[in-house]
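>>> I'll drop the sequence and a predicted model, then ask my questions.
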Amino acid sequence: MLVIPESLKKLQLRFTCPELSSSWIEYIFYYHAEDPFQAKAWLQKHMLAQSVVTQLYASHDDAKNEDEKLIFEKLIDELVRLQNIPLDNLENLPESQLIFDLQNFPVCEAVDFVRDVPDALRIEKEGCDEGTLTGEGTVTEGEVNFIIGTTTSEIEDRLLQDYPMQIHQDPQNESHLILSFPKKTSCDMTRITFIEQEKPPEKKIQKKIRTPEWFTILTRTLIPNVGLPEISKMEMLAIDELFRKEKDSQKWIEDFNEITPLLPVEALRATFYNPKSLYGVGYHWVRHLYYVFERDMKTTVARLRWDIVHRLLIHHHYECQSKLCGHALKERQEKINDLVRRRNFSLDQLEEVPKTELKFDLHFFRVEGALEYVDDVIASIESSKTILANASLDITLFTGHGDHSLNNDPAIRRRLLEEYHGKIREDPKIRGALILHFNKKTENLVSRFQRMSL
């Protein structure tokens with residue numbers, strides 16, 4: 001049985017989303033020779049580029065003329081190329097790593113990129129023996145396969161149109177397209193396979209509907225490791241309606257005035273906190289973000305604006321789930337849990353967060369999703385080499401106290417107190433918060449050794 005490395009599992013848990021499939025994460029992991037740090041840096045670059053691509057598509061749709069659209073398409077092309085392996089280094093790669101992704105390319109740029117791949121291979125073959133690729137992973141007279149993910153039928157249709165004699169379906173997989181082209185020094189054929197995503201995400205909303213102005217304002221400031229899942233046309237229409245119903249919505253998109261008689265946290269509270277809102281942000285979470293970002297008001301405001309979009313999506317999915325059952329209900333609940341995870345800081349970044357600010361917001365989780373998330377938090381902290389190295393630790397879990405829950409039952413809070421009895425206690429200062437205790441690492445090891453001795 002194939003054993004998946006733990007470091008790969010962590011990367012997939014952290015980065016998998018509709019814009020970044022687990023199979024592509026696996027590819028990047030092995031492309032970097034199973035180095036989790038290099039793979040993580042690449043994936044972070046990928047997500048940052050993806051955030052910019054999303055913004056550029058929104059601007060592309062609002063462009064006043066074709067010249068402006070062309071400029072945005074060229075910028076998008078450059079960024080999506082950066083998300084792929086460089087074409088000038090193909091001779092150093094084994095056959096199994098010649099993989100490319102067309103997702104997010106504009107149609108014309110996708111076709112250009114496909115044309116560039118075989119051109120790059122021909123350049124690498126110059127001066128080589130017939131039917132041979134140079135460098136590591138040398139391949140002699142055979143087929144070289146490339147997997148290029150496509151998510152839009154427009155790209156597939158255009159490729160079939162531009163390569164009518166060279167493209168055909170893979171007989172072993174109907175979703176694969178194969179492009180063959182002659183080697184420069186041989187009549188033998190090299191083969192490129194185009195494979196669609198295992199579960200293609202819906203087409204980019206920016207290409208199909210006009211992104212609301214408020215959405216662009218709330219997400220225009222990019223923050224590392226903060227992003228959104230793919231949003232469908234129906235989801236965008238739904239959250240647009242929810243946004244317009246919010247009485248505080250205008251405050252959220254106005255320029256934040258830092259010159260105020262209020263203390264900074266109170267100014268943030270006045271703008272973003274509404275205790276009566278069922279899907280509002282908690283005051284203690286506002287305060288937490290302010291201190292995590294080292295009292296930087298601009299970054300805190302930007303992070304809270306992203307959080308608004310997360311919560312609008314959560315609100316929408318909760319409204320929809322009441323009409324669902326079976327597999328559809330499970331998928332909807334998984335979307336909710338994913339969005340709540342995105343509201344919190346990435347678990348692979350906990351060592352970078354001050355220990356006094358290791359706090360996690362469990363509001364809006366499904367109960368089982370909250371328990372799984374806390375398990376992951378515990379695993380991340382206990383596997384860290386530094387967090388518990390010098391002292392024991394208390395972390396805060398914001399659970400709420402059931403005011404907005406069914407029958408006012410704080411189910412997450414109650415289950416956590418049962419599940420971690422002896423390690424968890426109520427926070428005496430904050431109603432609606434729990435404190436989870438961790439022993440110093442050496443203490444954990446000693447107690448474990450004592451148990452083994454018994």
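Structure received.
>>> can you pull out the helices in the stretch 301-450 of the chain?
For the stretch 301-450 of the chain, the helices defined by DSSP state H, counting those that start in this stretch occupy 326-343, 367-383, 411-419, 441-453.
>>> can I get the ones you listed in CSV with distance to Asp248 and mean pLDDT?
For the C-beta atoms, the positions are set from N, CA and C on the backbone; glycine is no exception. Output for the helices of the stretch 301-450 of the chain, formatted as CSV (distance: least, CB to CB, whole Å; pLDDT from 0 to 100):
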stretch, distance to Asp248, mean pLDDT
helix 326-343, 18, 93
helix 367-383, 27, 95
helix 411-419, 26, 94
helix 441-453, 44, 50
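>>> and those as JSON lines, adding mean neighbour count and distance to Ser23?
Below are those laid out as JSON lines (neighbours: other CB atoms under 10 Å; distance: least, CB to CB, whole Å):
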{"stretch": "helix 326-343", "mean neighbour count": "16", "distance to Ser23": "18"}
{"stretch": "helix 367-383", "mean neighbour count": "17", "distance to Ser23": "21"}
{"stretch": "helix 411-419", "mean neighbour count": "17", "distance to Ser23": "33"}
{"stretch": "helix 441-453", "mean neighbour count": "11", "distance to Ser23": "35"}
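>>> and the nearest residue to Gln12 once chain neighbours are set aside, what pLDDT?
Distance criterion CB to CB, 6 or more residues apart in numbering; nearest residue to Gln12, sequence neighbours excluded, is Ser22 at 4.7 Å. Looking at Ser22, its pLDDT reads 74.
>>> Distance of Ser22 relative to Thr16?
Counting by CB to CB, to the nearest Å, the gap from Ser22 to Thr16 is 5 Å.
>>> Same check on Phe364?
Going from Phe364 to Thr16 by CB to CB gives 20 Å.
>>> neighbour-wise, which of the two wins?
Phe364 (23 against 16; other CB atoms under 10 Å).
>>> Could you double-check that that one lies in contact with Val340?
Yes. If you go by CB atoms under 8 Å, Phe364 and Val340 touch, sitting 5.0 Å apart.
>>> shared neighbours of those two, anything?
Common contacts of Phe364 and Val340 (CB atoms under 8 Å, 6 or more residues apart in numbering): Ile314.
>>> about what we covered before: kindly provide the distance from the residue nearest to Gln12 to Asn344.
For Ser22 relative to Asn344 (CB to CB), the value is 20 Å.
>>> next one: Tyr290
Tyr290 is 16 Å from Asn344, by CB to CB.
>>> Between these two, which is the more surrounded one?
Tyr290 (22 against 15).
>>> Quickly note the distance from that one to Leu393.
Applying CB to CB to Tyr290 and Leu393 gives a distance of 22 Å.
>>> Then Tyr283?
24 Å.
>>> how many other residues sit next to the residue nearest to Gln12?
Ser22: 16 neighbours (other CB under 10 Å).
>>> do the same with the one 10 residues further on
The number of residues packed around His32, counting by other CB under 10 Å, is 16.
>>> Next up, the contacts around it.
His32 neighbours (CB under 8 Å, 6+ apart): 38-39, 42.
>>> which residues are in contact with stretch 239-247?
Residues contacting stretch 239-247 (CB under 8 Å, 6+ apart): 212, 214-215, 231, 249, 252, 277, 309, 312-313, 315-316.
>>> Name the residues of it that are buried.
239-240, 242-243, 246 (16 or more other CB atoms under 10 Å).
>>> For the residues you listed, give me JSON lines that also has secondary structure, pLDDT and distance to Gln161.
Shown next, in JSON lines, are the buried residues of stretch 239-247 (DSSP: H, G, I helix; E, B strand; the rest coil; pLDDT from 0 to 100; distance: CB to CB, whole Å):
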{"residue": "Ile239", "secondary structure": "helix", "pLDDT": "95", "distance to Gln161": "36"}
{"residue": "Asp240", "secondary structure": "helix", "pLDDT": "94", "distance to Gln161": "35"}
{"residue": "Leu242", "secondary structure": "helix", "pLDDT": "95", "distance to Gln161": "41"}
{"residue": "Phe243", "secondary structure": "helix", "pLDDT": "95", "distance to Gln161": "40"}
{"residue": "Glu246", "secondary structure": "coil", "pLDDT": "92", "distance to Gln161": "46"}
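>>> between those residues, which is closest to Leu79?
Ile239 (25.5 Å; CB to CB).
>>> picking that back up, quick one: closest of the helices of the stretch 301-450 of the chain to Phe360.
So among the helices of the stretch 301-450 of the chain, helix 367-383 is nearest, using CB to CB, at 6.1 Å.
>>> from what I can see Ala433 touches Ile395, true?
No. When contacts are counted by CB under 8 Å, Ala433 is not listed as touching Ile395 (10.4 Å).
>>> related to what we said a few turns ago, make a ChimeraX selection of the buried ones in the contacts of stretch 239-247.
Filtering the contacts of stretch 239-247 down to the buried ones (16+ other CB under 10 Å) takes a single ChimeraX command:
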select :212,214,215,231,249,252,309,312,313,315,316
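>>> Distance to Asp67 and pLDDT added to the contacts of stretch 239-247, as a markdown table?
Formatted as a markdown table, the contacts of stretch 239-247 follow (distance: CB to CB, whole Å; pLDDT from 0 to 100):
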| residue | distance to Asp67 | pLDDT |
| --- | --- | --- |
| Pro212 | 25 | 89 |
| Trp214 | 28 | 93 |
| Phe215 | 25 | 91 |
| Ile231 | 28 | 83 |
| Ser249 | 34 | 91 |
| Trp252 | 34 | 93 |
| Ser277 | 44 | 86 |
| Val309 | 31 | 95 |
| Leu312 | 35 | 96 |
| Leu313 | 35 | 95 |
| His315 | 40 | 96 |
| His316 | 37 | 95 |
